[in-house]
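Participant: coordinates only, sequence not included:
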């Protein structure tokens, strides 16, 4: 039997009939196929939905109205006494088909592709059915991504600190253990690099949070005008923060720019500007003092090369300073979020914590399309 003949004669029985069939003692031999290439689940579903209506398979009956499912849809199709079961998971389409209809994986793929092509015979109905499908763009949440990266770096720094040898920084009457010293110096350099990375990411973390709040909650006048939105989003961070209550919905109070929470954030951004523009801020770069008579140094403090190495390596910021910055940032986030109306705050927090988001360009809105965990499996 050709694909055209199979497709033309397919019927979709009621879910009750499907259930009775699965309970029948006698079943025709069938094969199981898993496909994840050269097939569009969207296009296949549109065809089946247009021709047969809502999914009628048993798994669709068991499905909750949620995207966090093992199978998202299931069609049971029959031709005479033979059946074809088509089930769609997140990462694959699974098909159980009678060996009298489909014999191998290539035939199965060909059959599904021919089903999709057959939609031309239902063009008018398909156009109507398509109106019921919301189209979303799947995007990476930049805030959650940066937050995850910072947490990973902080965990790595903590782990490296635990590996640091108990090293005496005095060099008086000391026999050096070169292996211990090399391990210590390498760990110090690695910690320094990761601390510096966190320091550079922290202001980006803050600004991403603010931009995210604006994108989610900006008023209609900004959503409806790309020019107005771009002008607002390009403002200095201080202005963006102070204008949140004016430009966004949900804020109960005017932002108090004199609050200590905000002053700490502005300090972080002032340091960011020095890093970003390569400024030579002598006060921040200073790590000691020394006098000279011609080329003879007069040290104002006796140190050791270990101590000096530690000081210069950590000149970009030490762990306690970075942890304090992160605490200040978290306090700032809480301050902003707690000023929002309760219902809006709950929605914003859920969006902020989701690694991936859906963006509906037609309605200018975000949503959480999937959970933060990934699941794959196989049917035995």
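Facilitator: Alright, I've got the coordinates. It should be emphasised that the depicted structure is a prediction, and the values quoted were computed from it without experimental measurement.
Participant: For the stretch 251-380 of the chain, which segments are assigned as helices?
Facilitator: 260-277, 282-285, 305-313, 319-338, 342-353 (DSSP state H, counting those that start in this stretch).
Participant: Look at the spatially closest residue to residue 369 that is not a sequence neighbour and report its pLDDT.
Facilitator: Distance criterion CB to CB, 6 or more residues apart in numbering; nearest residue to residue 369, sequence neighbours excluded, is residue 358 at 3.9 Å. No exception for glycine: its C-beta is placed from N, CA and C like everyone else's. What the model reports as pLDDT for residue 358 is 88.
Participant: Pretty sure residue 368 is one of the things residue 358 touches, is it not?
Facilitator: Yes. Using CB atoms under 8 Å, residue 358 is in contact with residue 368, at 7.1 Å.
Participant: Name the residues of the helix or strand hosting residue 211 that are buried.
Facilitator: Using DSSP states H and E, the element containing residue 211 is helix 178-217. Neighbour counts over helix 178-217 (16 or more other CB atoms under 10 Å) mark 184-185, 187-188, 191-192, 194-199, 201-203, 205-210, 212-217 as buried.
Participant: Show me what the residue nearest to residue 369 is bridged to.
Facilitator: Counting by DSSP bridges, residue 358 is bridged to residue 138, residue 367.
Participant: mind checking how far the residue nearest to residue 337 when sequence neighbours are not counted is from residue 81?
Facilitator: Computed as CB to CB, 6+ apart, the closest residue to residue 337 that is not its neighbour in sequence is residue 345, at 5.4 Å. Residue 345 sits 58 Å away from residue 81, going by CB to CB, to the nearest Å.
Participant: more neighbours, these two?
Facilitator: residue 345 (15 against 11; other CB atoms under 10 Å).
Participant: wait, doesn't the more buried one sit right on residue 334?
Facilitator: No. Checked against CB under 8 Å, the pair residue 345 and residue 334 is beyond contact range at 10.4 Å.
Participant: Now residue 84: which helix or strand?
Facilitator: strand 82-88.
Participant: and after that strand, which helix or strand comes next?
Facilitator: Next along from strand 82-88, by DSSP H and E: strand 93-98.
Participant: Just give the strands next to that next one in its sheet, each with its orientation.
Facilitator: Sheet neighbours of strand 93-98, with direction, are listed as strand 30-35 (antiparallel), strand 82-88 (antiparallel) (DSSP bridges).
Participant: now the longest one: mean pLDDT?
Facilitator: Right, strand 82-88. Mean per-residue pLDDT for strand 82-88: 90.
Participant: burial of residue 365, as a residue count?
Facilitator: By the criterion of other CB under 10 Å, residue 365 has 12 neighbours.
Participant: what's the closest non-adjacent residue to it?
Facilitator: Nearest residue to residue 365, sequence neighbours excluded (CB to CB, 6+ apart): residue 359, at 7.8 Å.
Participant: Contact partners for residue 61?
Facilitator: Residue 61 makes contact with residue 15, according to CB atoms under 8 Å, 6 or more residues apart in numbering.
Participant: Need the phi and psi values for it.
Facilitator: phi -70, psi -30 (degrees, to the nearest 10).
Participant: Tell me the pLDDT of it.
Facilitator: 73.
Participant: same thing with residue 205?
Facilitator: 94.
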